[in-house]
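> show me how the following folds:
(4 chains)
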Protein chains: 2
Amino acid sequence: MEDKVMNIGVVRDLTGLSERQIRYYEERKLIFPERTKGGVRKYSFEDVKRIQEIHQKLQDGFRTLELRKKPHTGQRMRLSGNGS
Amino acid sequence: MEDKVMNIGVVRDLTGLSERQIRYYEERKLIFPERTKGGVRKYSFEDVKRIQEIHQKLQDGFRTLELRKKPHTGQRMRLSGNGS
DNA sequence: CGTGTAAGGAATTCTGACACG
DNA sequence: CGTGTAAGGAATTCTGACACG
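The predicted structure is shown next:
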């Protein structure tokens, strides 16, 4: 439970991701930043780590929904093509 | 050397001090927050600690100039009246 | 699905100044 | 000296939407 102290701009710089991506992960219920009274998002360093993990998983071919509960039953290769 | 990630509003809430006080301590060269390209100050948790120390010292009767080099040669009581 | 972008508004922060003591 | 405040502008962030594939 670290302090939620960073604005999205800092998280953007720290992770190298876009604000769009960061907000989207929240929309998918993968991260839960706090808000100031005015509605500005505040993130913790834990959030930053989590965001990087999420991005990595997406790179590996997972979909955001699958990331809500850390999966451990099925690797899901995503080199080319899909499994459908 | 911690990351400078907090806006002054967070530091205000964390320390309970006013933005005016925080900016003033910088003006007196006691703390050195970074700046975004746009000019917005960014503080680290170390800065927060330092700010609290500075405020405590001021409560004890020190003046900002005296705090630049941590004093260790003269206690300076400040209960009532001054030493002049 | 995950991400980019332009749009307009709102929250936050900045500086310089005047005030007090 | 250390801090409060009103003033106006600028930087940052927010939401909802359209786009692509």
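
> just the mean pLDDT for stretch A:12-21, thanks.
Stretch A:12-21 shows a mean pLDDT of 98.

> quick one: end-to-end distance for it.
9 Å (CA to CA, to the nearest Å).

> now do it: everything it contacts.
Stretch A:12-21 has contacts (CB atoms under 8 Å, 6 or more residues apart in numbering or on different chains) with A:Met6, A:Ile8, A:Gly9, A:Val11, A:Ile22, A:Val48, A:Ile51, A:Gln52, A:His55, B:Asp3, B:Val5. Using the backbone N, CA and C atoms, a C-beta is placed for each residue, glycine as well.

> narrow these to those that are buried.
A:Met6, A:Ile8, A:Gly9, A:Val11, A:Ile22, A:Val48, A:Ile51, A:His55, B:Asp3, B:Val5 (16 or more other CB atoms under 10 Å in any protein chain shown).

> where do the strands sit along chain A?
A:34-35, A:41-42 (DSSP state E).

> got TSV for these, with distance to B:Glu27 and mean pLDDT too?
As requested, the strands of chain A are exported to TSV (distance: least, CB to CB, whole Å; pLDDT from 0 to 100):
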stretch	distance to B:Glu27	mean pLDDT
strand A:34-35	30	98
strand A:41-42	27	98
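
> for those strands, which one sits closest to DNA strand D?
For DNA strand D, the closest of those is strand A:41-42, at 3.0 Å, according to CB to the nearest atom of the strand.

> the most centrally placed residue in chain A: what's it in contact with?
Nearest residue to the geometric centre of chain A (CA atoms, centre = their mean): A:Ile51, 3.3 Å. By CB under 8 Å, 6+ apart, A:Ile51 lies in contact with A:Val11, A:Thr15, A:Leu17, A:Ile22, A:Tyr25, A:Ile31.

> cool, and A:Asp47?
By CB under 8 Å, 6+ apart, the neighbours of A:Asp47 are A:Lys4, A:Met6, A:Val11, A:Ile31, A:Phe32, A:Pro33.

> mind doing that once more with 10 Å?
Neighbouring residues of A:Asp47 by CB atoms under 10 Å, 6 or more residues apart in numbering or on different chains: A:2, A:4, A:6, A:11, A:14-15, A:22, A:25-26, A:30-34, A:41.
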